[in-house]
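*Asks:* the sequence isn't on hand, but the structure is:
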């Protein structure tokens with residue numbers, strides 16, 4: 001069932017990441033980590049449907065999306081930059097295979113962090129952060145979404161990996177088998193993955209090499 005909702009606020013949280021807040025339909029239900037098919041209620045854009053993850057919690061009064069904009073693509077994420085309060089979004093089907101099972105390591109690449117934003121919000125609310133860890137891969141420090149918030153929430157269990165900058169206190173390069181091993185311990189039972197498809201496939205191979213069963217890898221279906 002489609003819902004048309006009004007936007008209540010749009011703000012930039014990094015130079016290319018938007019936080020969009022909108023009205024929440026009374027009948028809308030979702031779980032932390034799930035996404036929805038979304039389009040813009042404007043002439044010519046109503047049928048340009050893209051998946052975006054909720055970064056609000058199911059019992060919040062409004063819905064929130066944290067979306068990286070790619071102006072060079074000349075598509076939906078570019079158009080989202082021009083939206084303001086009162087503009088409308090069309091919500092379609094809710095979907096998603098990423099949900100919290102138990103403590104483990106969350107591995108995200110770029111905008112792949114979005115399902116984990118809602119999951120960590122839910123864990124914080126329930127006082128269940130525990131020894132969960134987040135390995136977050138980006139090109140530069142400026143690309144890190146919600147760095148201050150995750151740093152405050154996770155402390156030493158928030159590990160950033162930068163491919164194009166070498167900064168003290170940050171891992172440099174790419175997520176590797178050795179890096180995963182470095183931050184794994186006995187509590188690292190589950191591995192949660194979200195990011196560009198090629199990156200995720202490479203990490204799945206690394207986890208297999210480390211003897212991690214597919215039963216303990218939580219990810220979206222490709």
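*Replies:* Thanks, I have it. The structure presented is a predicted model; accordingly, all values stated were derived computationally and were not measured. Numbering: from 1, shown residues only.
*Asks:* tell me the buried residues in the longest strand along the chain?
*Replies:* Across the chain, the longest stretch assigned as strand under DSSP state E is strand 3-14. Residues of strand 3-14 classed as buried: 3, 5, 7, 10, 14 (neighbour count, 16 or more other CB atoms under 10 Å). In short, each C-beta sits where N, CA and C put it, glycine included.
*Asks:* any idea how far the fourth one is from residue 75?
*Replies:* When you say that, I think you mean residue 10. 17 Å (CB to CB, to the nearest Å).
*Asks:* cool, and residue 26?
*Replies:* Distance of residue 26 to residue 75, computed by CB to CB: 31 Å.
*Asks:* what of residue 86?
*Replies:* For residue 86 relative to residue 75 (CB to CB), the value is 22 Å.
*Asks:* what does residue 128 give?
*Replies:* Residue 128 is 37 Å from residue 75, by CB to CB.
*Asks:* go on, residue 119?
*Replies:* Distance from residue 119 to residue 75, by CB to CB: 27 Å.
*Asks:* so for those two, which residue has more residues nearby?
*Replies:* Each of residue 119 and residue 75 has its neighbours counted (other CB atoms under 10 Å); residue 119 has more, 22 against 14.
*Asks:* where does that one land in three-state SS?
*Replies:* Of the three states, residue 119 takes helix according to DSSP: H, G, I helix; E, B strand; the rest coil.
*Asks:* ok, now which ones touch it?
*Replies:* Under the criterion of CB atoms under 8 Å, 6 or more residues apart in numbering, the neighbours of residue 119 are 32-33, 98-100, 106, 192.
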